[in-house]
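Novice: Pasting the sequence and the predicted coordinates here, then a few questions.
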Amino acid sequence: METLTQVVFPAMGNTVNLTVIGQDELVSYARHRLNELEQRWSRFISSSDVSRLNRADGRPTPVHADTLLLIRYLVDAQRVSNGLFDPTLAPALNQSGYAMSRVDSRHRCELSADAYSGVDLSTTTIDERFGAVALPFGATLDPGGLGKGLAADVVARELMDRDATGVCLSIGGDIRCMGVGPIDGCWTIEIADPSDTSLRIGSVRLRDGAIATSSVGAKRWHDGEVERHHVFDPATGTSLAVSTDTIVQSSVIAAEAVWAEVFATMSLVGQRSTFSEDLACLVVRGNGAIDSNDNWAEFTNE
């Protein structure tokens, strides 16, 4: 018998919110798959595919098919964004005090001694036949938000392939909705206020699509006496400068969570409300001002 199940659990260094309409075992499957993806993609787990690539000094490295998919998206995202989304900033993150996992201090990001930030990934070699990847010398990967979005896409699709009627999967704010939702066939997604996440600034209704929200307030830490956040500016190699006029949160609706995340990050780093006329975007500035493009109104639940 199909049931609507809602669960919250930790995975991939974030909080996962899963709503699934279908058989009870689908929740266990989702937990299992997210754990698999974390073990393969985390820059903090020394045995992960990503960590092995980060220590390989450009040598071909065998990886799982899941990781081949991840790296194709990372390379494409850097190219499409003209470097505004840069997955090669792990050295800068480490040097700025984010070398240790925020959820398990036993895990640290280990990089090659020759690693540096801002590497062009266009010469990355992806060998589909032998399941191996060779990064450019000096390049390392931080899947970051893209990994969250891609995981939401992958697992939501796999749950639908296992006969779920509907799925809404959120991984740290990257949300993929598929199938029939519980309210008039739709899924209602609330947008949090960046200054007080217990409050909302709006909501949207999705049928089959994705939304990602990126915020400078999501992950913060102290590097000595300097407070930093996880949205790094590739041009400076440090946390994006914030003022009352700058965009501090961006929410983007797209067909896939992976691209919603990429364009939300581009909006923050590039300080533009949108980079594509095909997407819906809502941004919040440091002074609390809210702005959205015309496409956003198509999804509004107000």
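Specialist: In hand now; what should we look at? Numbering: from 1, shown residues only.
Novice: Which strands or helices does the lowest-mean-pLDDT helix or strand in the chain pack on?
Specialist: The helix or strand of the chain with the poorest confidence is strand 220-223; it has a mean of 75 (mean pLDDT, DSSP states H and E). On a contact count with 3 or more CB pairs under 8 Å, 6 or more residues apart in numbering; DSSP states H and E, strand 220-223 meets strand 226-229. Every residue, glycine included, has its C-beta placed from N, CA and C.
Novice: In the strand it packs on, which residues have enough neighbours to count as buried?
Specialist: Going by neighbour count (16 or more other CB atoms under 10 Å), the buried part of strand 226-229 is 228-229.
Novice: following the one helix or strand Val16 maps to, which helix or strand shows up next?
Specialist: Here Val16 sits within strand 14-22, counting by DSSP states H and E. Using DSSP H and E, the helix or strand that follows strand 14-22 towards the C-terminus is helix 25-41.
Novice: Now do the strands in the stretch 101-250 of the chain.
Specialist: 125-127, 132-134, 166-171, 174-179, 187-193, 196-206, 209-215, 220-223, 226-229, 232-233, 238-239, 247-254 (DSSP state E, counting those that start in this stretch).
Novice: May I have the last one exported as PDB, CA atoms only?
Specialist: Just to be clear, that refers to strand 247-254. Provided in PDB are the C-alpha atoms of strand 247-254 (Å, rounded to 0.1, in the frame of the first residue of the first chain):
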ATOM      1  CA  ILE A 247      23.000  40.000  -3.000                       C
ATOM      2  CA  VAL A 248      23.200  37.700   0.000                       C
ATOM      3  CA  GLN A 249      20.800  35.000  -1.000                       C
ATOM      4  CA  SER A 250      19.600  33.700  -4.400                       C
ATOM      5  CA  SER A 251      16.900  31.100  -5.200                       C
ATOM      6  CA  VAL A 252      16.700  29.700  -8.700                       C
ATOM      7  CA  ILE A 253      14.100  27.400 -10.200                       C
ATOM      8  CA  ALA A 254      15.200  25.100 -13.000                       C
END
